[in-house]
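Trainee: What follows is a protein structure lacking sequence information:
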């Protein structure tokens, strides 16, 4: 991957309830992390979102979660290793089937919410997720958080033959370890579009960010998470897309 890819959590509507501006954000992203029904989405929403992604040439990624519709997949849940791998295979396979029916395929996996955070905090859970991806299709990259030191995760990915796509965030503050600052703390989320765009370009250039304690932080990232929740966030993503295009052309 020679350029920073923009990824977005998408397909998170459910039944008659709509969430996100999927059609508006799709032209500006490279990768669509499509909900697989456990935290959001349903078979019809999955089909429509896959169709939208394929029509724009956007890579389809499975966005599996804990079975937690009420909590939107943001609550940690206790799963045995085999149970975790079962729900991953169930969700990846469901989305992959919908993709194949439309002439596409799932291109990568990005766990959602608490599952994502738990695998970053617990090496045993990251290993379980890697085993699940490798046994389903070892050609599928796994998306996970870039930190100050990606070496332990990279070593584990290499062990299972799974490519890792390290993810950074343009709208979040980082601590000195390269972890996201808790949303409960002031300044954890950037709201100024200019600051968000500048952080995106800093990451794309491979330059240093400033961590919350003032230390220099370098993130080696393959992909940048963006959001399409509202009109202002879509406008910010469009500006990031245009800025990245200008940067790559210069």
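Mentor: Okay, I see it. What you are looking at is a predicted structure, and each value in this text was computed from that prediction instead of being measured.
Trainee: So what touches the helix or strand that contains residue 153?
Mentor: Taking DSSP states H and E as the definition, residue 153 sits inside helix 151-160. With Cβ atoms under 8 Å, 6 or more residues apart in numbering as the test, helix 151-160 has contacts from 123, 126-127, 130-131, 133-134, 138, 142, 144, 163-164, 166. For the C-beta atoms, the positions are set from N, CA and C on the backbone; glycine is no exception.
Trainee: list the buried ones in it?
Mentor: For helix 151-160, burial by neighbour count (16 or more other Cβ atoms under 10 Å) applies to 153, 156-157, 160.
Trainee: same question, stretch 230-242
Mentor: So for stretch 230-242, counting by 16+ other Cβ under 10 Å, buried means 233-234, 236-237, 239-241.
Trainee: Any chance of JSON lines for those, columns pLDDT and secondary structure?
Mentor: Formatted as JSON lines, the buried residues of stretch 230-242 follow (pLDDT from 0 to 100; DSSP: H, G, I helix; E, B strand; the rest coil):
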{"residue": "233", "pLDDT": "85", "secondary structure": "helix"}
{"residue": "234", "pLDDT": "89", "secondary structure": "helix"}
{"residue": "236", "pLDDT": "88", "secondary structure": "helix"}
{"residue": "237", "pLDDT": "91", "secondary structure": "helix"}
{"residue": "239", "pLDDT": "90", "secondary structure": "helix"}
{"residue": "240", "pLDDT": "91", "secondary structure": "helix"}
{"residue": "241", "pLDDT": "92", "secondary structure": "helix"}
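Trainee: Max pairwise distance over those residues: which two?
Mentor: 233 and 241 (12.7 Å; Cβ to Cβ).
Trainee: wait, isn't residue 230 in contact with residue 24?
Mentor: No - taking contacts as Cβ atoms under 8 Å, residue 230 lies outside contact range of residue 24: 9.6 Å.
Trainee: How far away from the center of its chain is the longest helix along the chain?
Mentor: Criterion DSSP state H: the longest helix present in the chain is helix 81-101. Between the centre of helix 81-101 and the centre of its chain there are 17 Å (Cα atoms, centre = their mean, to the nearest Å).
Trainee: Also stretch 11-24?
Mentor: That offset, for stretch 11-24, works out to 17 Å (Cα atoms, centre = their mean).
Trainee: Give me the residues contacting that stretch.
Mentor: Against stretch 11-24 from outside (Cβ under 8 Å, 6+ apart): 9-10, 32, 34-35, 39-42, 45-46, 48-50, 52, 63, 69, 228-231, 234.
Trainee: Break down the chain into its helices, ranges please.
Mentor: Applying DSSP H to the chain gives helices spanning 22-25, 43-55, 81-101, 113-121, 123-137, 151-160, 193-205, 231-249.
Trainee: Near the closest residue to residue 234 other than its chain neighbours, how many residues? Count them for me, please.
Mentor: Excluding the flanking residues, the one nearest residue 234 by Cβ to Cβ, 6 or more residues apart in numbering is residue 24, at 4.8 Å. Each residue near residue 24 was counted by other Cβ atoms under 10 Å, and the total is 16.
Trainee: do residue 188 as well
Mentor: Going by other Cβ under 10 Å, the residues that sit close to residue 188 add up to 16.
Trainee: looking at it, it is touching residue 175, isn't it?
Mentor: No - using Cβ under 8 Å, residue 188 is not in contact with residue 175, being 9.8 Å away.
Trainee: can you list residues touching both of these two?
Mentor: With Cβ under 8 Å, 6+ apart, residue 188 and residue 175 have common neighbours residue 181.
Trainee: Show me what the lowest-mean-pLDDT helix or strand in the chain is packed up against.
Mentor: In the chain, the helix or strand scored least confidently by mean pLDDT, DSSP states H and E is helix 231-249, which has a mean of 86. With contacts defined as 3 or more Cβ pairs under 8 Å, 6 or more residues apart in numbering; DSSP states H and E, helix 231-249 has these neighbours: strand 5-10, helix 22-25, helix 193-205, strand 223-226.
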